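[1] Here is a sequence together with a model predicted from it:
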2 protein chains.
Amino acid sequence: MFVDRLIEQILEKESPLCVGLDPRINRFPPYLQQMAESGHIREAIVEFNKNVINSTKDLSAAVKLQIAFYELHGAEGISAFSESIEYAKENDLIVIADIKRSDIGDVAEMYAKRYLGELPIDAVTVNPYMGRDTIYPFLKYVDKNGKGIFVLMKTSNASSKDLQDISVQGKPLYEKVGGIIEEMGKDYIGKYGFSSVGAVVGATFPEELKKIRSTFTTIFFLIPGFGAQGGSAKDAKYGFDKNGRGALVNSSRNIIYAFEQSNSNPWEAIRDAAVSARNTLREETLKYVAVD
Amino acid sequence: MFVDRLIEQILEKESPLCVGLDPRINRFPPYLQQMAESGHIREAIVEFNKNVINSTKDLSAAVKLQIAFYELHGAEGISAFSESIEYAKENDLIVIADIKRSDIGDVAEMYAKRYLGELPIDAVTVNPYMGRDTIYPFLKYVDKNGKGIFVLMKTSNASSKDLQDISVQGKPLYEKVGGIIEEMGKDYIGKYGFSSVGAVVGATFPEELKKIRSTFTTIFFLIPGFGAQGGSAKDAKYGFDKNGRGALVNSSRNIIYAFEQSNSNPWEAIRDAAVSARNTLREETLKYVAVD
C-alpha cells in the first residue's frame, strides 16, 4: 500500500519533507554546467541529482521529479530522468513523478504503463479536467502494484482560481474534484486512515488548505508551494491532521539551489537548507507525533 | 500566423483531415514489429510514421502526434518523436503535438520552450485546469514564433462530463473555458477571422459542438473522436462555420491501422482509408468552399 509506505517513511525520518529534483542546468555548480555544455547533459543532470540525494536522503521521505525539466532535454533528459529515479530507489526514497498527465482512456493507459508499470516510480500526479475515465488507467496500478496517485485539486499558482475556485452550488469546483478523489480512493485506504489516491493542494492558500483538510479526512495531500513559491511551514501545517499526519510537503528551488546564497560547498549548502526545511516542518507539523 | 497557415493547407488540399501518428507497435505490420522486437524501436516507429506520411500527405492538412505513444518507449521513443516531426515538416505538413501539458508558470515555460521553441512543431494541446498563468508561457510562442495552441474545452471521452459539463450559473463549465480561450486569443486573429489560440472539442458530442461553434465564432477547433471513437463526419461538420471553415478533424486508428481489415499492402490500405476519410469530410464540411 503506497500511502502506508509513505507515512512510515515520514514517521521514521521524522520528516514530511519531499525534495524536488528539478534540474535547471544554468543554476548548476560551474563544473556541472561545463559538463553539460561539453555535451554531457545526461551525466550532468544525474550527477547533480545523485549529489542532492546523497546530501538529503536522511532528511526527506521522498523526492519529486518534475518531468518538464527532463523533457526539455529530449532523449538525454529522459535517460537522466530514469537514472535519477533508479538512484533514488536504491536509496530507499519514495519517488514521485510530477507528470500532471491526463488523456482519454487508452492513451492514459500508455502513461500509466510507462510511469507506474515500467519505471520504479511510487506515485504520479494527474490532472482531473477530462474526468474519471482518464484517471482509471492509473488506478489499476494503485490496485495491483501498490502505487499511488495525486490528483490536482487546488494548485499553488495564482491562476488556480480561474477554474478551481468557480462556485458550483455554493462550493468551489475543487471541492467537487475532492469528492471525486475521495470516491475513487475509498477502496485504497491504508492502516493510518489515508488513501493511496491523494490530492495536490498548494501551501500558498492556507485558508483553503485548512478547509480542505477538515472536509476530506481520508485524502493524503502532496503540498507544493512551500519555499520559493511563498508558502511557509505555518501555512503547510494546515494540510496535516491533529496527529501530524496526512501530508507531504515539497520544496525544490529553496533546497537544491541553496548554494547560490552561500560560500560553502554546494552539497553542504543543500544539506543545510534541507536540515532547516525539515526542522521547521517537523516543528510545525509533526509535534503531535512526539506525544503519541 | 499559425491559424492562417493551417486554414490555407486545408483549402489547398481540400481536406480538413488530420492524421494521428499514434504508434502502437503491436499493431504494426509484422516486419516492423520484428524490427522493434530486435531492439530497433526508434527505427521501427520512424519507418512506420514515414510510410504513413508518404501515403497520406496529399490528403491531409496536418498530422497530430500523441506523445504518450512515444513516451512509453523512453529515450528511444522521444527520439522517434523528434525524427517523425522533422519528416512531417520536410513534407510541408502542419504538425500538432498532442501533449495536453499544464503546470505552474516557470514549469510551463520549460514545456513551451521544448515543444514550441526547439522542435519544429506548429501547435500543441494544453490543459486549462490550472488557469491562465499556466497557458501564458505557450502564448509567447504564438506571439513571437507564429505557433498555435489548442486548449482542452469539451473533450471526446465519456467522462468529460464529470467536470466540463458542470453547470456554472446555468452554463456548462466548458463554456467558461471557452470564454478564457476566446479572450486569450483575441490578439491572434488571422485573416480568416479565426485565432491561433484554438480549442479541442470532441466529435462525439455533436449537439455541444454545434452550440460551441455558434457561441465562439473566432475559436478554431481541433476535433478528435472522429472514426474509432465513434464520431462521424456528420457529427464533425457541426464544428465548421457556414463557409466550411474553423475546424480540423483528427483520425488516428481508423486510418493508420486500416490494413488490419484488408488484404492489400499496408500503406495502400492506409491510403485508401485516408482517401475515404478525406472524401467524407470534404463532402460534409467543405461543400461551401466549392461555390466560393
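    All right, it came through fine.

[2] now stretch A:22-39: how far from the chain's centre is it?
    24 Å (CA atoms, centre = their mean, to the nearest Å).

[3] Quick one: residues in contact with that stretch.
    A:41, A:43-45, A:47-49, A:65-66, A:69-70, A:80, A:252-253, A:256-257, A:259-260, A:266, B:107 (CB atoms under 8 Å, 6 or more residues apart in numbering or on different chains). (C-beta placed from N, C-alpha, C; glycine too.)

[4] Then stretch A:257-272?
    A:24, A:27, A:29, A:51, A:52, A:54, A:55, A:56, A:59, A:255, A:256, A:273.

[5] Quickly name whichever of those is closest to chain B.
    Closest approach to chain B among the contacts of stretch A:257-272 (CB to the nearest CB): residue A:24, at 8.8 Å.

[6] ok, now how distant is that closest one from residue A:72?
    9 Å (CB to CB, to the nearest Å).

[7] Looking at the two, which is more packed in?
    residue A:72 (22 against 16; other CB atoms under 10 Å in any protein chain shown).

[8] give the contact list for that one.
    So residue A:72 contacts B:110, B:111, B:113, B:114 (CB under 8 Å, 6+ apart).

[9] How about the last one: what's its closest non-neighbour residue?
    I take that to be residue B:114. Once flanking residues are discounted, residue B:114 sits nearest to residue A:72: 4.9 Å by CB to CB, 6 or more residues apart in numbering or on different chains.

[10] Filter the contacts of stretch A:257-272 down to just the ones in helices.
    A:51, A:52, A:54, A:55, A:56, A:255, A:256, A:273 (DSSP state H).

[11] Most neighbours among the residues you listed, which one is it?
    Going by other CB under 10 Å, residue A:255 tops the ones in helices among the contacts of stretch A:257-272 with 29 neighbours.

[12] Isn't that one up against residue A:226?
    No - using CB atoms under 8 Å, residue A:255 is not in contact with residue A:226, being 10.1 Å away.

[13] list residues touching both of those two?
    residue A:277.

[14] Are any of the contacts of stretch A:22-39 buried, and if so which?
    A:41, A:43-45, A:47-49, A:65-66, A:69-70, A:80, A:252-253, A:256-257, A:259, A:266, B:107 (16 or more other CB atoms under 10 Å in any protein chain shown).

[15] Please list the residues of the stretch 101-250 of chain A that sit near chain B.
    Within the stretch 101-250 of chain A, the positions adjacent to chain B are A:101-105, A:107-108, A:110-111, A:113-114, A:127-134, A:152, A:155-164, A:166-168, A:173, A:176-177, A:180, A:224, A:229 by CB under 8 Å from any CB of the partner chain.

[16] Generate a ChimeraX selection restricted to the buried subset of those residues.
    Buried residues within these, by 16+ other CB under 10 Å, are selected in ChimeraX with:
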select /A:101,102,103,104,105,107,108,110,111,113,114,127,128,129,130,131,132,134,152,155,156,157,158,159,160,161,162,163,164,166,168,173,176,177,180,224,229
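
[17] Looking at the residues of the stretch 101-250 of chain A next to chain B, which are in helices?
    Those of those lying in helices (DSSP H): A:105, A:107-108, A:110-111, A:161-164, A:173, A:176-177, A:180.

[18] got any ranges where the stretch 151-292 of chain A has weak pLDDT?
    For the stretch 151-292 of chain A, the stretches flagged by pLDDT under 70 are A:287-292.

[19] Pick out the residue of it closest to chain B.
    For the stretch 151-292 of chain A, CB to the nearest CB, closest residue to chain B: residue A:159, 3.0 Å.

[20] So that residue sits against residue B:134, correct?
    Yes - Residue A:159 is within contact range of residue B:134, at 6.5 Å (criterion: CB under 8 Å).

[21] What ranges does chain A have for its helices?
    Using DSSP H, helices in chain A cover A:2-13, A:30-37, A:41-56, A:68-71, A:74-90, A:105-112, A:136-145, A:161-164, A:173-185, A:206-215, A:233-236, A:253-256, A:266-285, A:287-290.

[22] how about those in TSV, adding distance to residue B:216?
    Listed next are these as TSV, based on distance: least, CB to CB, whole Å:
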stretch	distance to residue B:216
helix A:2-13	41
helix A:30-37	44
helix A:41-56	42
helix A:68-71	29
helix A:74-90	35
helix A:105-112	25
helix A:136-145	30
helix A:161-164	17
helix A:173-185	21
helix A:206-215	31
helix A:233-236	38
helix A:253-256	38
helix A:266-285	46
helix A:287-290	52
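
[23] Nearest to residue A:193, out of those helices?
    helix A:2-13 (9.4 Å; CB to CB).

[24] tell me which residues in that closest one are buried?
    A:2, A:3, A:5, A:6, A:7, A:9, A:10, A:11, A:13.

[25] ok, the fourth one - contacts?
    Residue A:6 makes contact with A:61, A:62, A:94, A:122, A:123, A:148, A:220, A:248, according to CB under 8 Å, 6+ apart.

[26] Please name the nearest non-neighbouring residue to the last one.
    To tie it back to what came earlier, the one meant is residue A:248. Going by CB to CB, 6+ apart, residue A:248 has residue A:18 as its nearest residue, at 5.0 Å.

[27] The second one too?
    Residue nearest to residue A:62 in three dimensions, not counting chain neighbours: residue A:94, with 3.8 Å by CB to CB, 6+ apart.

[28] I'd say that neighbour and residue A:146 touch.
    No - with contact defined as CB under 8 Å, residue A:94 does not reach residue A:146; the gap is 11.7 Å.

[29] Chain B versus the residue of chain A positioned farthest from its centre, what's the distance?
    Relative to the centre of chain A, the most outlying C-alpha is that of residue A:38, 31.5 Å out, by CA atoms, centre = their mean. Using CB to the nearest CB, to the nearest Å, residue A:38 is found at 20 Å from chain B.

[30] Same check on residue A:126?
    Residue A:126 is 11 Å from chain B, by CB to the nearest CB.

[31] For burial, what's the neighbour tally of that residue?
    26.

[32] ok, now which ones touch it?
    Residue A:126 sits next to A:99, A:100, A:101, A:102, A:134, A:135, A:138, A:149, A:150, A:151, A:152 when contact means CB under 8 Å, 6+ apart.

[33] Just give the closest residue to the fourth one, not the sequence neighbours.
    Spelled out, it's residue A:102. residue A:127 (3.8 Å).

[34] Can you tell me how far the residue of the stretch 1-150 of chain A found nearest chain B is from residue A:123?
    In the stretch 1-150 of chain A, the residue that lies nearest chain B is residue A:131 (3.0 Å; CB to the nearest CB). As judged by CB to CB, residue A:131 and residue A:123 stand 20 Å apart.

[35] likewise residue A:100?
    13 Å.

[36] Residue A:4 now?
    Residue A:4 is 13 Å from residue A:123, by CB to CB.

[37] Tell me which residue is most central in chain A.
    Most central in chain A (CA atoms, centre = their mean) works out to residue A:64, at 4.7 Å.

[38] which residues does residue A:113 contact?
    Per CB under 8 Å, 6+ apart, neighbours of residue A:113: residue B:72.

[39] And it, what's its pLDDT?
    Note on residue A:113: pLDDT of 98.

[40] try residue A:102
    Residue A:102 is given a pLDDT of 96.

[41] Next, it: phi, psi?
    phi -170, psi 130 (degrees, to the nearest 10).

[42] Hmm, it is touching residue A:131, no?
    No - assessed by CB under 8 Å, residue A:102 is found out of contact with residue A:131, at 9.1 Å.
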